[in-house]
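1. prediction below, plus the sequence it came from.
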Amino acid sequence: MDDRLYQQAKQLICETLEVGAEELQDATHFVDDLGIDSILIIELKTLFEEKYDIAIDKEDLKDLNSLNDIMTYLTERNVPALV
Amino acid sequence: MRISKSVSLQTQFRIEQALFKGLFFFCRSIPASWVLGVGKGIGTLAWKLKARRKVVLKNLSLAFKEKYGKKETAEIALKCYQHFGREMMRVLILDQEAKKPMESWIDIEGLDLLQNREQKGGILVGGHIGCWEIANFVLPKLGEEVTVFTGTHANKLADKWLNEIRSKAGTITAGAGDDRTELFATAKKSLVAIVGDQSPPKAPIMISFFDRPTDAAQGPALLSLLNKVDFFYFSCLKNGDRMKVRIQKVEFEKAETRKESVKRLTQAYFAVLEGEIRKHPEQYFWMHKRWKHSPDVNYGEMDALF
């Protein structure tokens, strides 16, 4: 796993969801554990798309529920970390 | 076993839909005043049959505490049943009612606020008060493109039928199972209407409603804040023989964090709703267990109370 990509993804998630880094473990579920509304997950999707120039399919969005899920998604698509 | 259960549920849904359609066409063959009269009668019957009576009385006592005595509370509750019996029947003829010139039966307050909004988008949030279905018919007539976010009924056939009636009026409907990405984008360019006062299935925030900790959905406030569009309160109340639509911009003080802003905006919306309920308690939908997730409320204690 690209550590820089991991740190960038974690920071973006923490900033968008307004949660502390200590609250966001790799497997923390955005909705079940953090009480995040699905509207905010859509905002997160938009920010990832803009930042990494990718298009996240609506169907895939349902499976992106944690930092782990997002990292797997980005890694499988060979998304590089930003320099 | 599972297959036979699913088949019997489908049969039940088909029967429900057939009854609904039958009632729909029957209502078209009699004068509107009769339809509403029958509705009021159904409400009275439901009260006499004690359908959810304990929930209604418990909710009223939770909301108003000592303000009303036992007799007054029962009177409000009966009026509430009659109101919703009548309004339920009105929905069946609403597309016909809406053909009448609007000024002949509806008064609108605050329309200028909506028409003079700075952004094209906007969030209109109502509550389960009065006759919220009227929004489907009033707003398109005002030249506004509106997407109504509706709850979905277990009976998908009845849902489809009801949504067809709504779309005939000119509204676009989006259900709970629909793509929320679309809804998010829609709120930027046109109005999105939501009835936002029920317990959310997921991700609630706690606000105060009738001085009681109450779980509330953050979706409407988030849609407004993230899209930077105005948040309006919308209601349609029965006012004698006429209906009164009220639109009010919900004002709140923005906080440093979005989380806190969501809470403040949601609280401000609930405060407006509560004010309206206090004036018209008989027009609020007290039939659902609104405080079932509140820490100090136990609906199991209802028998001891009534």
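-> Perfect, I can see it now. Numbering: from 1, shown residues only, chains lettered A, B, ... in the order given.
2. chain A contacts on chain B?
-> Residues of chain B lying close to chain A by CB under 8 Å from any CB of the partner chain are B:179-181, B:184, B:202-205, B:217-219, B:222-223, B:226, B:257-259. To be clear about C-beta, it is placed using only N, CA and C from the backbone, and glycine gets the same treatment.
3. tell me which of these fall in strands.
-> Per DSSP state E, strands hold the following members of the residues of chain B next to chain A: B:204-205, B:217.
4. before we move on, the earlier item: in helices, which of the residues of chain B next to chain A appear?
-> B:180-181, B:184, B:219, B:222-223, B:226, B:258-259 (DSSP state H).
5. can I get the ones in strands among the residues of chain B next to chain A in JSON lines with distance to B:Ser33, neighbour count and pLDDT?
-> Shown next, in JSON lines, are those (distance: CB to CB, whole Å; neighbours: other CB atoms under 10 Å in any protein chain shown; pLDDT from 0 to 100):
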{"residue": "B:Pro204", "distance to B:Ser33": "42", "neighbour count": "16", "pLDDT": "89"}
{"residue": "B:Ile205", "distance to B:Ser33": "43", "neighbour count": "18", "pLDDT": "94"}
{"residue": "B:Ala217", "distance to B:Ser33": "37", "neighbour count": "22", "pLDDT": "94"}
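6. now do the residue nearest the centre of chain A against A:Leu82, distance only.
-> Taking CA atoms, centre = their mean, the centroid of chain A lies closest to A:Ile70, which sits 4.6 Å from it. From A:Ile70 across to A:Leu82, the span is 15 Å (CB to CB, to the nearest Å).
7. can you show me the strands along chain B?
-> With strands called from DSSP E, chain B shows them at B:106-109, B:122-126, B:146-150, B:172-175, B:191-195, B:204-208, B:213-217, B:231-239, B:242-249.
8. of those strands, which is nearest A:Asp57?
-> When those are compared by CB to CB, strand B:172-175 sits nearest A:Asp57, at 19.4 Å.
9. how about residue 63, what does it touch?
-> Chain wasn't specified; assuming chain A. A:69, A:73 (CB atoms under 8 Å, 6 or more residues apart in numbering or on different chains).
10. that's the wrong chain, I wanted chain B
-> By CB under 8 Å, 6+ apart, the residues touching B:Ala63 are B:210, B:277, B:281, B:286.
11. rerun at 10 Å
-> B:73, B:209-212, B:274, B:277-278, B:281, B:284, B:286, B:290-291 (CB atoms under 10 Å, 6 or more residues apart in numbering or on different chains).
12. identify the farthest-apart pair in the residues you listed.
-> Greatest spacing in the contacts of B:Ala63, by CB to CB: B:Thr73 and B:Phe209 (18.4 Å).
13. quick one: which of these two has more around it?
-> Between B:Thr73 and B:Phe209, counted using other CB atoms under 10 Å in any protein chain shown, the more crowded position is B:Phe209 (22 against 19).
14. which secondary structure elements does the worst-scoring helix or strand of chain A on mean pLDDT contact?
-> Lowest by mean pLDDT, DSSP states H and E among the helices and strands of chain A is helix A:58-61, with a mean of 87. The contact analysis (3 or more CB pairs under 10 Å, 6 or more residues apart in numbering or on different chains; DSSP states H and E) places helix A:58-61 against helix A:38-52, helix A:67-76, helix B:180-189.
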